[in-house]
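**Student:** this one's sequence-less:
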């Protein structure tokens, strides 16, 4: 059974940095894609960054380009999101999500989320 567990959230002042982690387990192989999503209060969920672990290619939303970096340590099955130059609008819940092993990026699995609060 696939399980995703996020950690690393917390409170930080604007301009600061945080590094989120997502420990993944239960796969029979390498998931096709993994991503970080952001749910801000009163807003729709936004996909921030996607990575394709087999190739280490990444795609970013315009809102985080140049500030956030997604990476995956395949040896430890851990997904990371390095967040720099944080803004108050980055406040909210952060979720990691993953597809299954295969060739479909369908975000079948989700973690429970970790909260980030950015104060001005």
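**Tutor:** Thanks, I have the structure now. Quantities reported herein were computed from a predicted structural model and do not represent experimental measurements.
**Student:** Would you point out which residue is most central in this protein?
**Tutor:** Among the residues of the chain, the one closest to the centroid is residue 36, at 2.5 Å (CA atoms, centre = their mean).
**Student:** Pretty sure that residue sits in a strand.
**Tutor:** Yes: counting by DSSP: H, G, I helix; E, B strand; the rest coil, residue 36 is part of a strand.
**Student:** How about it: which residues does it bridge to?
**Tutor:** residue 49, residue 96 (DSSP bridges).
**Student:** thought it was touching residue 95?
**Tutor:** Yes: Residue 36 lies in contact with residue 95 (CB atoms under 8 Å); the separation is 7.2 Å. Yep, even glycine has a C-beta here, placed from its N, CA and C like the rest.
**Student:** follow-up on the earlier one: and the residue nearest to the centre of the chain, what is it in contact with?
**Tutor:** 20, 22, 47-49, 68, 70, 79, 81, 94-97 (CB atoms under 8 Å, 6 or more residues apart in numbering).
**Student:** let's see it at 10 Å
**Tutor:** 6, 20, 22, 46-51, 60-61, 64, 68, 70, 79-81, 83, 94-97, 111 (CB atoms under 10 Å, 6 or more residues apart in numbering).
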